[in-house]
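**Q** return atomic coordinates for the entry below.
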Amino acid sequence: MKFKLLIVDDEKNIRTGLAAALELDGHEVVTAGTGDEGLKRFQKGDIDLVITDLRMPGLAGEDLLKHISAETPGIPVIILTGHGTVENAVAAMRNGAYDFLTKPVNLDRLSLLVRRALKARELEIRHRRMEEDIAVSRQLKTVIGTSAPMRRVYDTISRVAPSRASVLISGESGTGKELVADALHELSPRKEKPCIKVHCAALAANLLESELFGHEKGAFTGAQTLKRGRFELANEGTLFLDEIGEIDQNIQVKLLRVLQEKKFERVGGTATIEIDVRIVAATNRDLKAEIEKGTFREDLYFRLNVVNIVVPPLRERKDDIPLLIASFLKEFASENNKPVENIDEKARAALYAYDWPGNVRELRNCIESAVVMAKGTVITPDDLPPTIHSSTEDGWIRIPLGTSLEDSEKIIIRDTLSFCNGNKSRTAALLAIGRKTLHRKLDKRDEEQADMTCSALLTAKQT
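**A** Numbers count the residues shown, from 1 in each chain. Below is the predicted model of the structure:
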């Protein structure tokens, strides 16, 4: 993690000299010649640490410290002072300064202080992000993930949930589209009202029409009583239409009218019923292709697709696998009354390498199976389904287009380690790096995974 430092000193030689020394340590440094100039630069944002002289014309160092502490608590501030003002520097520390140094500045001492302060800053940032992840997970309940693709999904959910707009959720089977629909309802003003769900592919056309709109007594053979449809039941709440791409043209016409006019008639009835329902639909089909084929109405598509949320497949969000594993492991260990607590390195590497065509649903089933099959407290490769093993033997590494260099490196290391069955010496040799370099990168990865796993476990405990 690269940090940006701000040096504030009215003596040009001092601030340029300190900047040069700290840049050699790998930091990005900006400078200011007065306290007022330094405050303006700090208020632009992106500053992680401030080094300021105590005595300056205009806004003094202690006043700059007060502004920084009030506006952005937690930013470390190192005070520079002459020998005659040490007492003032100590007082500044009482007011929130990280530490102080006397002039002339010992550069080695300054470098050490900066490293310590930035390490504390990094831990604070990571802790805050973990708390944010827990808060998001608590809000979204069973929607799990902190990867960039899932953060985009969360952002869209949080922005669209309070509105009345129809939402179309797209994504492959098993990605968790229904969970997104649940989150939209739970974060909406309609959360106290019903969230009614209809699986459109599970019913024949005549049954689906009755299910959605209800029917009058005697409307057809077997209609012995009046039945209220799902639209009526969802009034003032949310209606979730799963697999919307499966409904036939006749139902599409009636559904379009409800979306346009907010009214309908029951099957066999003449009374018009007005409703206030928020529609959320989901599909694993390409509805634009269905429009081209003439099987889906374009006008209905635009009515449903006011906001589109695309739920990414698991192969494009593998950074979420530790969180998902932790959640499923806890769930199924408790459900099956088994003391399974962890997954060994080889099994974990195999889970990362697999492409998960069945997405989160397949991973969930895999962990449930592994928990049932596990003989001890740790899941091993032998406890995993055979398809997971075979995926690690083709010698290919797949990196989605648009993956950052940092994330690409993580994928390469993870999948190479899997290919080498957890053998770190062989992994290092294949990657043409030293064992110490590999261990350092693995330690960093494990630390990040531990943070995410801790977040998942805390969420599971608190929900």
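
**Q** can you tell me the SS state at the residue sitting nearest the centre point of the chain?
**A** Residue closest to the average C-alpha location in the chain (Cα atoms, centre = their mean): Thr146, at 2.5 Å. Put simply, Thr146 is coil when judged by DSSP: H, G, I helix; E, B strand; the rest coil.

**Q** so it sits right up against Ile321, yeah?
**A** No. Look at Thr146 against Ile321 with Cβ atoms under 8 Å: they stay out of range, at 11.2 Å. (Each C-beta comes from the backbone N, C-alpha and C, glycine too.)

**Q** pretty sure His439 is in a helix, no?
**A** Yes. Counting by three-state DSSP, His439 falls inside a helix.

**Q** count the neighbours of it for me.
**A** For His439, the tally of surrounding residues (other Cβ atoms under 10 Å) stands at 12.

**Q** mind listing what it touches?
**A** Lys424 (Cβ atoms under 8 Å, 6 or more residues apart in numbering).

**Q** with the one 4 residues further on instead?
**A** When contacts are counted by Cβ under 8 Å, 6+ apart, Asp443 is found next to no other residue.

**Q** that one - that's part of a helix, no?
**A** Yes. Assessed with three-state DSSP, Asp443 lies in a helix.

**Q** check the gap between it and Gln43 for me.
**A** Relative to Gln43, Asp443 is positioned 37 Å away (Cβ to Cβ, to the nearest Å).

**Q** what about Leu5, how many neighbours?
**A** Neighbour count of Leu5, defined by other Cβ under 10 Å: 24.

**Q** and Arg285, how many neighbours?
**A** Neighbour tally, Arg285, other Cβ under 10 Å: 14.

**Q** name the SS class of it, please.
**A** coil.

**Q** contact partners for Ile321?
**A** Contact analysis of Ile321 by Cβ under 8 Å, 6+ apart lists Leu314, Leu351, Tyr352, Leu363.

**Q** tell me the SS of the second one?
**A** When you say that, I think you mean Leu351. Quick answer, by three-state DSSP: Leu351 is helix.

**Q** what about the closest residue to it other than its chain neighbours, which helix or strand?
**A** Once flanking residues are discounted, Leu351 sits nearest to Ile321: 6.2 Å by Cβ to Cβ, 6 or more residues apart in numbering. According to DSSP states H and E, Ile321 maps onto helix 321-335.

**Q** cool, and Ile51?
**A** strand 49-53.

**Q** pLDDT on that strand, on average?
**A** Confidence for strand 49-53, expressed as mean pLDDT, is 94.

**Q** list the buried ones in that strand?
**A** Under the neighbour-count criterion of 16 or more other Cβ atoms under 10 Å, strand 49-53 has Leu49, Val50, Ile51, Thr52, Asp53 buried.

**Q** pLDDT on whatever helix or strand Leu39 lives in, on average?
**A** Element membership of Leu39, judged by DSSP H and E, is helix 35-43. The average pLDDT within helix 35-43 is 93.

**Q** ok, stretch 440-447 next?
**A** Stretch 440-447 shows a mean pLDDT of 69.

**Q** residue contacts, Arg348?
**A** When contacts are counted by Cβ under 8 Å, 6+ apart, Arg348 touches Ile325.

**Q** and for the helix or strand that the helix holding Ile321 is followed by, what are the contacting residues?
**A** Using DSSP H and E, the helix or strand that follows helix 321-335 in sequence is strand 342-343. Residues from elsewhere that reach strand 342-343 (Cβ under 8 Å, 6+ apart): Ile325, Leu329, Leu351, Ala370, Thr377, Val378, Ile379.

**Q** how about 10 Å then?
**A** The contact list for strand 342-343 (Cβ atoms under 10 Å, 6 or more residues apart in numbering) reads 322, 325-326, 329, 348-351, 367, 370, 374, 376-381, 383-384, 453.

**Q** list the neighbouring strands of that strand plus their orientation.
**A** strand 378-379 (parallel) (DSSP bridges).

**Q** any idea of the mean pLDDT in the strand it pairs with?
**A** pLDDT averaged over strand 378-379 gives 92.

**Q** go on, stretch 321-330?
**A** On average, stretch 321-330 scores 88.

**Q** chain center to that stretch, what's the gap?
**A** 14 Å (Cα atoms, centre = their mean, to the nearest Å).

**Q** next, the contact list for the closest residue to Gln249 other than its chain neighbours, please.
**A** Using Cβ to Cβ, 6+ apart and skipping the chain neighbours, the partner closest in space to Gln249 is Arg297 (7.1 Å). Under the criterion of Cβ under 10 Å, 6+ apart, the contact list for Arg297 reads Ile247, Gln249, Gln252, Val253, Leu255, Leu256, Leu287, Glu290, Ile291, Arg303, Leu304.
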